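[1] fold the following.
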Amino acid sequence: MRKEERYKGVLNWFNEHVPVAETELHYDNPYQLLIAVILSAQCTDKRVNMITPALFRDFPTPEVMAASTPEVIFEYIRSVSYPNNKSKHLVGMAKMLMSDFGGVVPSDIDELQKLPGVGRKTANVIASVVYNKPAMAVDTHVFRVANRIGLTNNSKTPLETEKELVKHIPEEQIPIAHHWLILHGRYTCIARKPKCEGCGLKPWCKYFLSPKKT
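    Numbers count the residues shown, from 1 in each chain. Below is the predicted model:
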């Protein structure tokens, strides 16, 4: 199967069967989403959503969080992975938002990556979800699913995967395609044993069609 045919089949299936696909993180504004995405590194969205209501309530703006300390923030986020580092990142992020960006979350991916705790994946999430830019954030789910289906050819790094996906997915579909792949990896194409029998992507999936699956 040619790669173009595979991409067309996969994207058409998602478009028909999953017309709405959004982040499962809870947020009301760009600042809140930035906090949630920083917290979600190596942590489940479910866990993040449990702790952010109190954090958002007590630190409603970058200005308020910038005036706090990592020690104070730690008490709110202690149940997530790497709370020490993340508490420092959140305060540092808020301080830089105030000092360099007038308290506004930037839309530019390079500018976003200047913020403490913000790598390329997080920057792409913000650019895509908040500003609807054609940015493809590659987390473990996207990386795994893209390789399994055959959208990428054994990409070795998230950046390789990102470049390949952006090259083949129509620009206007990139923001939602990011969520399609994440949700598919979270609930169907899971890491240890993908649920192939109930998957609608079987006709185009390289993994399912490989000899070991027949």
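[2] what helix or strand does the spatially closest residue to residue 189 that is not a sequence neighbour sit in?
    Nearest non-adjacent residue to residue 189, counting by C-beta to C-beta, 6 or more residues apart in numbering: residue 145, 4.9 Å away. All C-beta atoms are positioned from the backbone trio N, CA, C, and that covers glycine. Applying DSSP states H and E as the criterion places residue 145 in helix 140-149.
[3] any idea how far that helix is from the chain center?
    Chain-centre distance of helix 140-149: 13 Å, with C-alpha atoms, centre = their mean, to the nearest Å.
[4] and it, what does it pack against?
    Judged by 3 or more C-beta pairs under 8 Å, 6 or more residues apart in numbering; DSSP states H and E, the packing partners of helix 140-149 are helix 158-168, helix 174-187, helix 206-209.
[5] of those, flag the one that's most buried.
    Mean neighbours per residue, mean count of other C-beta atoms under 10 Å, is largest over the helices and strands packed on helix 140-149 for helix 174-187, with a mean of 21.
[6] can you spell out which helices and strands pack onto that one?
    Checking 3+ C-beta pairs under 8 Å, 6+ apart, helix 174-187 ends up next to helix 3-17, helix 120-129, helix 140-149, helix 158-168.
[7] to residue 92, which of those lies closest?
    The minimum distance between residue 92 and those falls on helix 120-129, with 13.7 Å, by C-beta to C-beta.
[8] which outside residues touch the closest one?
    By C-beta atoms under 8 Å, 6 or more residues apart in numbering, the surrounding residues in contact with helix 120-129 are 22-23, 30, 33-34, 37-38, 41, 105, 107-110, 112-113, 118, 133-139, 158-159, 162, 174-175, 178.
[9] pLDDT of that helix, averaged?
    Throughout helix 120-129, pLDDT has a mean value of 95.
[10] buried residues in it?
    By neighbour count with 16 or more other C-beta atoms under 10 Å, helix 120-129 contains the buried residues 120, 121, 122, 123, 124, 125, 126, 127, 128, 129.
[11] again with stretch 20-29
    So for stretch 20-29, counting by 16+ other C-beta under 10 Å, buried means 21, 23, 24, 25, 27.
[12] and if you look at stretch 4-20?
    Within stretch 4-20, the residues scored as buried using 16+ other C-beta under 10 Å are 6, 7, 9, 10, 11, 13, 14.
[13] name the residues that touch it?
    Contacts for stretch 4-20 (C-beta under 8 Å, 6+ apart): 21, 149-151, 168-170, 173, 177, 180, 183-184, 200-201, 203-204, 206.
[14] ok now it, how far from the chain's centre?
    19 Å.
[15] so who does residue 151 touch?
    3, 6, 7, 10, 145, 164, 165, 168.
[16] so where's the longest helix in the protein?
    For the chain, the longest helix by residue count, based on DSSP state H, is helix 83-101.
[17] pLDDT below threshold where in this structure?
    212-214 (pLDDT under 70).
[18] hang on, the earlier thing: what helices or strands is the longest helix of the chain leaning on?
    Counting by 3+ C-beta pairs under 8 Å, 6+ apart, the packing neighbours recorded for helix 83-101 are helix 30-39, helix 62-66, helix 70-77.
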